[in-house]
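Colleague: Sequence first, predicted model second:
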Amino acid sequence: MQRWTLAGVLAATSAAGFTVVRDPNTAAPIRWPTPEVSLTLQQDGSDDVADGSDLAAMRNAMAVWGLVTCSDFAFSEAGTTPSRSATDDGTNLVTFLESGWPGGASGAVALTTWYRDTGPNPDQWREADVILNGQDFCWATQGALTCHDIQSVLTHELGHVLGLWHAADPQATLYARTQEGLVYGRNLAADDVAGLCYLYPPGAFTCASDADCPAMFGYYGGGAVRTRCSAGSCAQGSTTYGLDCFAASHCASGQCMADPESPTAYEPGFCTQACSLAAQDCPQGDLCSDASGAALCWRGRDDCPNTARRTECQASLGSNGYCVQDSDGLLRCRRTCLVDEHCGGEECYGGTGGVPPGFCKPVGAKILGEPCEHGLECAQLTCAGAGTTPTCSPWPYSNTTP
C-alpha cells in the first residue's frame, strides 16, 4: 500500500468517527468561510488517460461531496487552466504532476496543501491545492488493477480540502492508506458524511451520538482532543468503541489502538476494548484478535488484523493465505491464485495465469450497470462504471498507455 500525504510531508458502514483539523488559537475546527469552494482543474489531466475520462472522474469526485443531504457544502468548478503550478496564488488548483514531484513527499500518491487565514480568522481556510503523483504512479478511471483510481483518490483529497483529516476506519474514503485497483473510495462512508455534516450543516449543528462528533488533530499545534455528544452539542470528553482517537484518555475504555497500517502519531487510531477470542464478541462484527498481545477488538477487520500478519489467513486458507485490504475496504483473508480453477468455485480476481497472482473472491449478484458500493457486490467483481454513482463494470479493463 502507499501513503496519502497532505498539507506537507506526512507519510456505507456504521459510523466509525472522523477527525478534523483544529486551530490552536481558537480551539475550533478550521472551515471555509462559505460552504461553496471553487476549484480550477488543470486541463490536461493524467498522461495515462487518453480518452478524456480523467477530467470526468475529477468532476465526479467534486460532485459526490455535494450529494449529502445533511450538509449544504458543494464544490464548484472555476474552469480549467494549462498551469500545473500549485502555489499560494489565490487559486484552488487540482492537477497531476508528471515530473518534478516534491522530494519531501517521495512515495506519496497525492498531496493536498492548505493555506489558512493568518489574519483575524485563523480558523478559516483561504486556499487549498491538490496534486496527484503522475511521476511515480499509474492512473486509470475504469478499475484497472495495476493503477490508482482517479475518482477514488481525488474524492479522498477533496475531503482534506474541505477540512477533514484522515479517518481510522479502513472503509472510509478518508482512510490513510490506498493501493492500486481500489475504487470503493468513490462512495462516501458514514464517517465521511458525518465529518462533512459536522463542518458544514445547513443550519445549527446538533449531534445525536458520539459518532457525530470529531476527534480534532492539532496540525498547527496545540495537540489533539476528542469530543463526545452531550445534550446535542460536541464537548471535549472520552468516547465509545470504534471512534477515532489519538490517546488512551480519548476512549472510555482507556484503550486507543494505533492502526498498524498507518501507525504514526499524526494519524488517528481507534478506541478499542477487551474481547473474547472464542466468542468473537466485538461490536459491529469486528475482529477480536490477540495480535497486539491482549485480546482486543480491531475496527474494520473481518478475519485478520493487519496486512503484515498472515497467522489467521494461513490457518484458514493454507500457505497461500494473505491478509489484504479487500474491495470493500475491510481487511480480510484471501488466497492467491493464477486461474479460476485454483479457487474452488470462487473467481480468481486479477489472475492472468502468471505473476503477479490474483486473489480468490466470491462473485456478487449485481449485473453490469447496476449501482454498487464496491466490487464484491458485482458479478464481475468491479464497481468502476463512470458517473457520480459507480456501477458494476467489466474487468479486466485498462484505459492506460503502456
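Modeller: On my side now, so go ahead. Numbering: from 1, shown residues only.

Colleague: Going by C-alpha atoms from here, please, whenever you check contacts or count neighbours.
Modeller: OK.

Colleague: Next, give phi and psi for T239.
Modeller: Main-chain torsions, T239, degrees, to the nearest 10: phi -130, psi -170.

Colleague: Just give me the neighbour total for it.
Modeller: A count of nearby residues for T239, using other Cα atoms under 10 Å, gives 25.

Colleague: how close does it sit to P260?
Modeller: Using Cα to Cα, to the nearest Å, T239 is found at 21 Å from P260.

Colleague: Now do the buried residues in the helix or strand R126 falls within.
Modeller: Using DSSP states H and E, R126 falls within strand 125-133. The neighbour-count check on strand 125-133 (16 or more other Cα atoms under 10 Å) flags 125-133 as buried.

Colleague: List the strands paired with that strand, with their directions.
Modeller: strand 93-97 (parallel), strand 108-116 (antiparallel) (DSSP bridges).

Colleague: from the chain's centre, how far out does that strand sit?
Modeller: Computed by Cα atoms, centre = their mean, to the nearest Å, the chain-centroid distance of strand 125-133 equals 17 Å.

Colleague: Residue ranges of each domain in this protein, please.
Modeller: 2-197, 206-298, 302-357 (automatic domain parsing).

Colleague: So Y175 is in contact with L164, correct?
Modeller: No - counting by Cα atoms under 8 Å, L164 is not a contact partner of Y175; they are 10.8 Å apart.

Colleague: between these two, what contacts are shared?
Modeller: Common contact partners of Y175 and L164 (Cα atoms under 8 Å, 6 or more residues apart in numbering): none.

Colleague: so where do the helices sit in the stretch 301-402 of the chain?
Modeller: 311-317 (DSSP state H, counting those that start in this stretch).

Colleague: returning to what we had before: tell me the most buried of the strands paired with strand 125-133?
Modeller: Each of the strands paired with strand 125-133 was scored by mean neighbour count; the highest is strand 93-97, a mean of 24, by mean count of other Cα atoms under 10 Å.

Colleague: Grab the CA positions of that one and hand them over as CSV.
Modeller: The C-alpha coordinates for strand 93-97 follow below in CSV (Å, rounded to 0.1, in the frame of the first residue of the first chain):
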residue,chain,number,x,y,z
LEU,A,93,-5.9,24.1,-8.2
VAL,A,94,-6.3,20.4,-8.9
THR,A,95,-3.5,19.0,-11.1
PHE,A,96,-1.4,16.0,-12.0
LEU,A,97,2.4,16.4,-11.8
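
Colleague: Going along the chain, name the strands of the stretch 251-400 of the chain.
Modeller: 256-257, 269-271, 287-289, 296-298, 321-325, 331-337, 347-349, 358-361 (DSSP state E, counting those that start in this stretch).

Colleague: how far is the third one from where the chain is centred?
Modeller: Taking the mean C-alpha point of strand 287-289 and that of its whole chain, the gap between them comes to 22 Å (Cα atoms, centre = their mean).

Colleague: So what's the model's average confidence on that strand?
Modeller: Averaging pLDDT along strand 287-289 gives 98.

Colleague: And the fourth one, by the same measure?
Modeller: Model confidence over strand 296-298 averages 98 on the pLDDT scale.

Colleague: Just the residues contacting that strand, thanks.
Modeller: 272-276, 282, 286-290, 305.

Colleague: Where neighbours are concerned, which of those residues has the most?
Modeller: Most surrounded of those: other Cα under 10 Å gives P305, at 31 neighbours.

Colleague: ok, now how distant is it from K361?
Modeller: 19 Å.

Colleague: I'd say K366 and T391 touch.
Modeller: No - counting by Cα under 8 Å, K366 stays clear of T391, with 9.2 Å between them.
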